[in-house]
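>>> I would like the atomic coordinates for the input below:
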Amino acid sequence: MAVRKYRPLNPAKRKRVRTKRDHLTKKSPEKSLTIKKSKTGGRNNKGRMTVRHRGGGSKQKIRIIDYKRLKSQPAEVIAIEYDPNRSCDIALIEYPDKEKAYILHPAELKVGDRVESSDYAPLKPGNVRPLKYIPEGTPIHNIELRPGQGGILVRSAGGEASITAKEKDFALVKFPSGEIRKIKLNCKATVGKVGNADHFTQKLGFAGATRHRGRRPKVRGTAMNAVDHPHGGGRGKSKGNNIPSTPWGKRCKGVKTRSRKKASESDIVRRRK
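Down below sits the predicted model:
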């Protein structure tokens, strides 16, 4: 997938970079597979702001994605669409009984291809197999953490994991972050790499593009007064000797927040770098 640059007619377009959408074949989503998306503006049920820098943005609909892929019948890819709720694209598939579903769009999957979910499905992008039937080194995504749960790991654009080894009832899976984790062999995964790998080369270019995504302006802590932020105050552009922290004095940037008491802690073989 290529990127699109713009003629420098103004300062915003000079630096703007977007991914090309020539491969998309359908503009409007499937009506039966969408639900309304309500926005909170970062406020709780009492109307108080609990998450800063959220609000506004374009109207969106949630596309219902089939992460479980329980039907074993082969399905045909009939469209590739844009999804505003995720970084990768989605593919619309249709089963022989005319039932339709959305799946994450793997790289190299095209309209007219067939996808399948079974123990011995061909090792082609978009097909689903249990980890016990996937050879080591095969690129995979949309991986289950518990059998029947549905894929929850490696779902963003360009994501790709692989099986490094198999031991007894577990497979050792290496993730894009470098972490290696034990996952049960009867958990399912989708073959292939997630599409739209050029998503992370995008540059929005102007402030309005950020507002369209529902993100409101942020103010640096060093630009505030001392009463408003631990980094505030001082003469001129002074940062002081403050440790990076939130407006409420809690340490941030580099502080580990994962609990060592988590049940899945013992499944991590090697932590991410």
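>>> Surely V115 and H105 touch.
No: V115 is beyond contact range of H105, at 10.7 Å (criterion: Cβ atoms under 8 Å). Quick note: C-beta positions are derived from backbone N, CA and C, even for glycine.
>>> list the contacts for P130?
Applying Cβ atoms under 8 Å, 6 or more residues apart in numbering to P130 gives the contacts 119, 185-189.
>>> that older thread, who has more neighbours out of V115 and H105?
More neighbours surround H105 than the other of V115 and H105, with 27 against 24 (other Cβ atoms under 10 Å).
>>> Kindly provide the distance from the more buried one to D267.
Separation of H105 from D267 (Cβ to Cβ, to the nearest Å): 29 Å.
>>> Please apply the same query to R211.
Taking Cβ to Cβ, one finds R211 at 41 Å from D267.
>>> what do you get for P125?
Per Cβ to Cβ, P125 is found 27 Å from D267.
>>> Compare those two and say which is more crowded by neighbours.
Between P125 and D267, counting by other Cβ under 10 Å, P125 is the more crowded of the two (20 against 16).
>>> Name the nearest residue to the residue positioned nearest the centre of the chain, ignoring sequence neighbours.
Note on the chain: the residue nearest the mean C-alpha position is S156, at 3.1 Å, using Cα atoms, centre = their mean. Distances taken as Cβ to Cβ, 6 or more residues apart in numbering put S87 closest to S156, at 5.0 Å, once the chain neighbours are dropped.
>>> which residues does that neighbour contact?
Contacts of S87 by Cβ under 8 Å, 6+ apart are 156-157, 196, 199-200.
>>> that older thread, would you mind confirming that the residue nearest to the centre of the chain makes contact with N196?
No: assessed by Cβ under 8 Å, S156 is found out of contact with N196, at 9.2 Å.
>>> Pull up the overlap in contacts between the two.
Residues touching both S156 and N196 by Cβ under 8 Å, 6+ apart: 87-88.
>>> circling back: which stretch of helix or strand covers the residue nearest to S156?
Assigned by DSSP states H and E, S87 belongs to neither a helix nor a strand.
>>> just the one 4 residues further on next, same as before
Of the helices and strands defined by DSSP H and E, A91 is found in strand 90-94.
>>> tell me which residues of that strand are tucked away?
Using 16 or more other Cβ atoms under 10 Å as the test for burial, strand 90-94 gives 90-93.
>>> likewise stretch 139-148?
Buried residues in stretch 139-148 (16+ other Cβ under 10 Å): 139-144.
>>> Would you work out how far apart the start and end of that stretch are?
21 Å (Cα to Cα, to the nearest Å).
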